[in-house]
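In: Show me the folded form of this:
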Amino acid sequence: MKKILLSALVCCFSIVAFAQEEYQFETTVDLEATPVISQGRTGTCWSFSASSFLESEIIRLTGKPINISEMFTVRNTYPTKAWNYVMRQGKAQFSEGGLAHDVMNAVKSNGLVPNSAYSGLKALESNHNHAEMVAVLKAMLNVYIKNPGKKLSTNWKPAIEHVLDVYLGKRPESFQFEGKTYTPQSFLEMTKINPDDYVTITSFTHQPYYESFILNIPDNFSNGSFYNVTLDELVAVTKNALQTGFTVELDCDVSESTFSAKYAVASIPEEAVSSRSDFSAEIRKEKTITAEYRQKEFENYTTTDDHLMHITGLAKDQNGNTYFRVKNSWGSNTSRVPNDGHVHMSEAFFRLKTISVMVHKDALPKKLREKLNL
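Out: Just a heads-up that it's a prediction; the model follows:
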């Protein structure tokens, strides 16, 4: 009887000893940001995340919380995508995707407007859905590329502009905001945003460190340059920015089964999780991520560039591990308050799955700025 009782006690102790704790997060850095909104049924996370990033920058620079128009940037970027696709005779990507520097390029060329001046929605519409628009645009562009008239005229450009106007609306030349009249350029000046002040940082071993290079990923249609640093420096840049008052734009891979909007957690456990349904909000020991492993996972397509988000703070779990607090653009998830629309990303997930970050130059540590000649 004693032996049976002892065995039962040992069994109970083992269950308690190896029971996994659920994450408990304490926010340690919480920078100002605008509310979470949804990108709808579009592939425009690049504009939503970078616009959110710019909104935090406007708060930092002016103290004004402004809801800027994501769709104004999208509208201004499509003609550039179309030009690239036609001039490369279809041997390029034409899709809804893009990167953070595409927002900066559009802002520099076309300015900014508030969402109240250009929502990209027609009357009675409340959600964005670009599936039909993109299908129409691509079909038109493919006709132009086939060149049935044997000599491509310039008519295709205004035709594309007209389709964009039909679906997204005509761009305002001037508008009212807080009792004043602005143009997109004068509004940009009011926000104090200078697109030239922002840099994109990455970390890969197939290019020299401390030099810039064009990263060959599908959505980099505009051939944007990335500064290459060590993996430890990529993490340090991001933490330094947040700890000194700068939020961070993030391009990463969220296709992992361990990226969970439901539980507001993203991690890289040592033991693989086969599907999202098998993932839970329990703390697991995570993999050690090296630069070599990160490179391998990028080159074998396990890590891809598929989503952009906005890092607005830092947090710690009950074991003292650091997490990045990331604002998503999939709308609110009220069942997981206080992680409403946000995800806590572990350092291991960040090290493995981050493609790049965009930050203000002033957010870079002084020594790194010198290495990059910034």
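In: Using the three-state scheme, assign Phe324.
Out: Under DSSP: H, G, I helix; E, B strand; the rest coil, Phe324 falls in the strand class.
In: Now do it against Asp305, distance only.
Out: 18 Å (C-beta to C-beta, to the nearest Å). For glycine as for every other residue, the C-beta is placed from the backbone atoms N, C-alpha and C.
In: Neighbour count for these two, which is higher?
Out: Remark: of Phe324 and Asp305, Phe324 carries more neighbours, 26 against 21, as counted by other C-beta atoms under 10 Å.
In: Do a quick rundown of the strands in the chain.
Out: For the chain, applying DSSP state E gives strands covering 26-30, 175-177, 180-182, 198-202, 212-214, 225-228, 248-252, 259-260, 265-266, 307-316, 322-327, 342-346, 354-360.
In: Quick one, which of those strands gets closest to Ala236.
Out: strand 198-202 (10.5 Å; C-beta to C-beta).
In: Which residue lies nearest the spatial centre of the protein?
Out: Leu308 (1.6 Å; C-alpha atoms, centre = their mean).
In: before we move on, back to that, as TSV, the strands of the chain with mean pLDDT and distance to Leu234 would be great.
Out: Output for the strands of the chain, formatted as TSV (pLDDT from 0 to 100; distance: least, C-beta to C-beta, whole Å):
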stretch	mean pLDDT	distance to Leu234
strand 26-30	96	18
strand 175-177	98	37
strand 180-182	98	37
strand 198-202	98	6
strand 212-214	98	14
strand 225-228	98	9
strand 248-252	98	11
strand 259-260	91	19
strand 265-266	94	16
strand 307-316	97	12
strand 322-327	97	12
strand 342-346	95	13
strand 354-360	98	7
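In: Would you format the ones you listed as a markdown table with distance to Arg41 included?
Out: Putting the strands of the chain into a markdown table (distance: least, C-beta to C-beta, whole Å) gives the following:
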| stretch | distance to Arg41 |
| --- | --- |
| strand 26-30 | 30 |
| strand 175-177 | 27 |
| strand 180-182 | 31 |
| strand 198-202 | 27 |
| strand 212-214 | 30 |
| strand 225-228 | 29 |
| strand 248-252 | 21 |
| strand 259-260 | 20 |
| strand 265-266 | 23 |
| strand 307-316 | 15 |
| strand 322-327 | 20 |
| strand 342-346 | 20 |
| strand 354-360 | 23 |
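In: Quick one, grab the pLDDT at Glu161.
Out: Note for Glu161: predicted pLDDT of 98.
In: just checking, it touches Pro79?
Out: Yes - with contacts counted by C-beta atoms under 8 Å, Glu161 reaches Pro79, the gap being 6.6 Å.
In: and the two? which has more neighbours close in?
Out: For Glu161 and Pro79, the more surrounded residue by other C-beta under 10 Å is Glu161, and the numbers stand at 16 against 13.
In: how near is that one to Leu137?
Out: Look at Glu161 and Leu137: by C-beta to C-beta, they are 11 Å apart.
In: same thing with Arg325?
Out: 36 Å.
In: more crowded one of these two?
Out: Arg325 (24 against 21).
In: who does the closest residue to that one other than its chain neighbours bridge with?
Out: Of all residues not flanking Arg325 in the chain, Gly313 sits nearest, at 3.9 Å (C-beta to C-beta, 6 or more residues apart in numbering). Counting by DSSP bridges, Gly313 is bridged to Asp30, Arg325.
In: Near Gly313, how many residues? Count them for me, please.
Out: As a burial measure, Gly313 scores 21 neighbours (other C-beta under 10 Å).
In: residues in contact with it?
Out: For Gly313, the contacting residues are Thr27, Thr28, Val29, Asp30, Leu31, Leu242, Phe324, Arg325, by C-beta atoms under 8 Å, 6 or more residues apart in numbering.
In: do the same with Ile289
Out: By C-beta under 8 Å, 6+ apart, the neighbours of Ile289 are Leu231, Ile268, Ala348, Arg351, Leu352.
In: ok, Lys353 touching Thr303?
Out: Yes - using C-beta under 8 Å, Lys353 makes contact with Thr303 at a distance of 5.7 Å.
In: residue ranges with poor pLDDT in the protein?
Out: Scanning the chain for pLDDT under 70 picks out 1-20, 333-339.
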